[in-house]
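S.K.: Here is a sequence together with a model predicted from it:
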Amino acid sequence: MTRFNSALFAAVAIAAMAALARPAAAIEYPWCAQYSGGDDGGGRNCGFSTIEQCMATVSGIGGGCERNLFYNGSAEWPAKRMRKRKSHHD
């Protein structure tokens, strides 16, 4: 290998290792589905934004929904703010 190719290979290898070394950002959702599954206990999926999404997923396959204990945000999307109306006096 020539000196240029060696340097290029080293740069690419270092960049690849740096990309792999970065931890992925975990996305936590407020609701978890706990699937029923016989002797092995079933599975768990904490990827639901609303309880309605979770309930629709477990409907018909068995299981239940519960709050994700690792979720730090609010369990529901914030309610829309009501704008105050200005009163007009005649």
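M.R.: In hand now; what should we look at?

S.K.: Residue 34 bridge partners, please.
M.R.: Listed by DSSP bridges, the beta-bridge partners for residue 34 are residue 44, residue 64.

S.K.: and it, what does it touch?
M.R.: Residue 34 makes contact with 42-44, 63-66, according to CB atoms under 8 Å, 6 or more residues apart in numbering. (C-beta placed from N, C-alpha, C; glycine too.)

S.K.: Filter those residues down to the buried ones.
M.R.: The neighbour-count test (16 or more other CB atoms under 10 Å) marks 63, 65 as buried among these.

S.K.: could you redo the contacts of residue 34 as TSV and give each row distance to residue 29?
M.R.: Listed next are these as TSV, based on distance: CB to CB, whole Å:
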residue	distance to residue 29
42	18
43	15
44	12
63	16
64	16
65	11
66	12
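
S.K.: between the contacts of residue 34, which is nearest residue 27?
M.R.: Here the nearest of these to residue 27, counting by CB to CB, is residue 44; it sits at 15.7 Å.

S.K.: I figured the closest one hits residue 32, correct?
M.R.: Yes: assessed by CB atoms under 8 Å, residue 44 is found in contact with residue 32 at 5.9 Å.

S.K.: can you give me the strands in the chain?
M.R.: With strands called from DSSP state E, the chain shows them at 31-35, 44-48, 63-67.

S.K.: Dump those strands to TSV, plus mean pLDDT and distance to residue 73.
M.R.: Output for the strands of the chain, formatted as TSV (pLDDT from 0 to 100; distance: least, CB to CB, whole Å):
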stretch	mean pLDDT	distance to residue 73
strand 31-35	94	12
strand 44-48	94	13
strand 63-67	94	11
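
S.K.: No further questions, thank you.
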